[in-house]
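# 3D model of this:
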Amino acid sequence: MKILYVASEAYPLVKTGGLGDVAGSLPPALQALGHEVRLLLPAYRSVLDRLGAQVHTRTHLGLHDARVRILETELPGTALTVWLVDAPACFDRPGNPYLDAHGQPWPDNAHRFAVLARTAVAIARDRAGLDWTPDLVHTNDWQTGLVPALLSLESERPRQVFTIHNLAYQGLFPAHTFRDLALPPFLESMHALEFHGQLSFIKGGLVFADHLTTVSPTYAREIQTPEYGCGLEGVLQARSAHLSGILNGIDTRTWDPATDPHLPHRYDARSLDLRRRNKAHLQREMGLEVSPRPMLVGMVGRLVEQKGIDVVLEALPRLLQWPLQFVILGSGDPGFERSLSRLAAKHPHRMAVHIGYDEALAHRIEGSADVFLMPSRFEPCGLNQMYSLRYGALPVVRATGGLADTVVDATPEWITARTADGFSFTPPTVEALVHALDRAHCTRRSPKLWQVLQRTGMAQDFSWERSARAYARLYARLLDASPSG
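Numbering: from 1, shown residues only. Next up is the predicted model:
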């Protein structure tokens, strides 16, 4: 299959979140399966600075509201061809791809990503001078939502998949943007791109793509409810027959406890006792009491309400009375940062907090902690719980989104079935969180059972090859169906 994969970011060229991880991993995994894949990205200044002489001009493209060059390179570390939309007025600026120096959205974001969309359409219809036509176009999140909408105007078009990575970000712009972008009048309808008097980029994907995916099966169900649908649940319910969830993968080469250079002691499922040495090393590093007795709880991530950090803060005074230790790495809301730091200063041998991000420390937490805590209010997919399972740090999670799809609760039934690999709870409350940690603490008193749970988690396949095969099957079904044009 010939696949045009369109995204606004891709690791390692540019990344602000999970979309970057997916766009940097899924296309190479699809190519490894034998498919012909092209990745289309904006030519941000940071991307061009990084690539330097590795980029060359492929073609010039005249759009009705911009002139662009399409540059060609390869995704670093792969043989994947990357096409970059070089429109300096749109993308030659410093910093974040979406936000200015004050943390506010760039005021011309609608125009910027409309240029990306129109370039994608030109390539998809072989009007870009590249002599290449895809069988299928795969777009991602609101920044590419105009691609399916604009392709709907074409008499012939490739099949289209649109992936929702986080429905909370929708690309909403004032109503006059319809005219500013010279969009056809029929798109200014509640059945198309209009959303409560605004232009919604994400609705372009939700309404017009042949098939919708999310990054986990449970999130695909959740976003069809008022609690998680962000006002678009009705649209998603109407498309439910064409909506599915495919779980993201992780980089199993970077995240492998048997080869991880960040761990003082590397191990696998047959040498789990070495984790005790890592735990002692981390305790010394973070100034905690060095002892195997307390259950070491790790957390890595954004310190915001979505991640449930407010619930953790409310529970900590009680939990710090137990034989537990906490190592927390992350940044986010300044109020949460201050509260966590104050608690750590009050309990220096029981709790350590590192504000910011440290990749090596994140790996050591996964390779040392007894449990890894993720009490998210919503989590489209989540990666840290998959890292934790791979590293034998039993996850304690709220059963939502991808967390529900990857962690099997250690109930008697699932323990007997040898499928349990962690602990989950449902309401995002202090009592539910405390009860889940209490279950983990009690289970840890049986080292034999604890190692069974660890080995079960470590045996799971969270590779990108698994995810790529699932997407390839979806693509094949769409291409076997009747043409969309």
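
# Surely residue 324 is in contact with residue 369?
No: if you go by Cβ atoms under 8 Å, residue 324 and residue 369 don't touch, sitting 11.0 Å apart. From N, CA and C alone the C-beta is placed, and that goes for glycine too.

# Would you mind telling me which of the two has the busier surroundings?
Ranked by neighbour count (other Cβ atoms under 10 Å), residue 324 and residue 369 place residue 369 first, with 28 against 19.

# on that earlier part again, what sits in contact with each of residue 324 and residue 369?
Taking Cβ atoms under 8 Å, 6 or more residues apart in numbering as the contact rule, the neighbours common to residue 324 and residue 369 are 296-297.

# what are the ranges of the helices in the stretch 251-400 of the chain?
For the stretch 251-400 of the chain, applying DSSP state H, counting those that start in this stretch gives helices covering 274-285, 309-319, 334-346, 359-366, 384-391.

# So which of those is nearest residue 99?
Among those, helix 334-346 comes nearest to residue 99, with 17.5 Å by Cβ to Cβ.

# What are the buried residues along that closest one?
336-337, 339-340, 343-344 (16 or more other Cβ atoms under 10 Å).

# Then stretch 111-126?
Quick answer for stretch 111-126 (16+ other Cβ under 10 Å): 111-125.

# List the buried residues of the helix or strand bottoming out on mean pLDDT in the chain.
Ranking every helix and strand in the chain by mean pLDDT, DSSP states H and E puts strand 56-63 at the bottom, with a mean of 87. For strand 56-63, the buried set under the neighbour-count rule, 16+ other Cβ under 10 Å, comprises 58-59, 61.

# What is the nearest of those to residue 451?
Residue 451 lies nearest to residue 58 out of these, by Cβ to Cβ, at 54.0 Å.

# Just to check, that closest one is in contact with residue 132?
No: between residue 58 and residue 132 there is no contact under Cβ under 8 Å: 10.1 Å.

# Just give the number of residues close to residue 202.
Residue 202: 25 surrounding residues under other Cβ under 10 Å.

# Please report the distance of it from residue 65.
Separation of residue 202 from residue 65 (Cβ to Cβ, to the nearest Å) stands at 21 Å.

# go on, residue 464?
37 Å.

# Look at these two and report which has more neighbours.
Each of residue 464 and residue 65 has its neighbours counted (other Cβ under 10 Å); residue 464 has more, 23 against 11.

# just to revisit the earlier point, helix or strand right after the least confident helix or strand of the chain?
strand 66-74 (DSSP states H and E).

# Next, the buried residues of that following strand.
Of the residues in strand 66-74, those buried (16+ other Cβ under 10 Å) are 66, 68, 70-73.

# My guess is residue 92 contacts residue 45. True?
Yes: contact criterion Cβ under 8 Å: residue 92 and residue 45 qualify, at 5.0 Å.

# ok, the residue lying closest to residue 152 once chain neighbours are set aside - contacts?
For residue 152, ignoring the flanking residues on the chain, the nearest one in space by Cβ to Cβ, 6 or more residues apart in numbering is residue 208 at 4.6 Å. Residue 208 makes contacts with 148-149, 151-152, 160, 192, as judged by Cβ under 8 Å, 6+ apart.

# Need the contact partners of whichever strand or helix holds residue 138.
Assigned by DSSP H and E, residue 138 belongs to strand 136-140. Contacts to strand 136-140, defined as Cβ under 8 Å, 6+ apart, come from residues 1-8, 19, 22-23, 120, 124, 145, 147-148, 151, 158-163, 165, 205, 209, 471, 475, 478-479.
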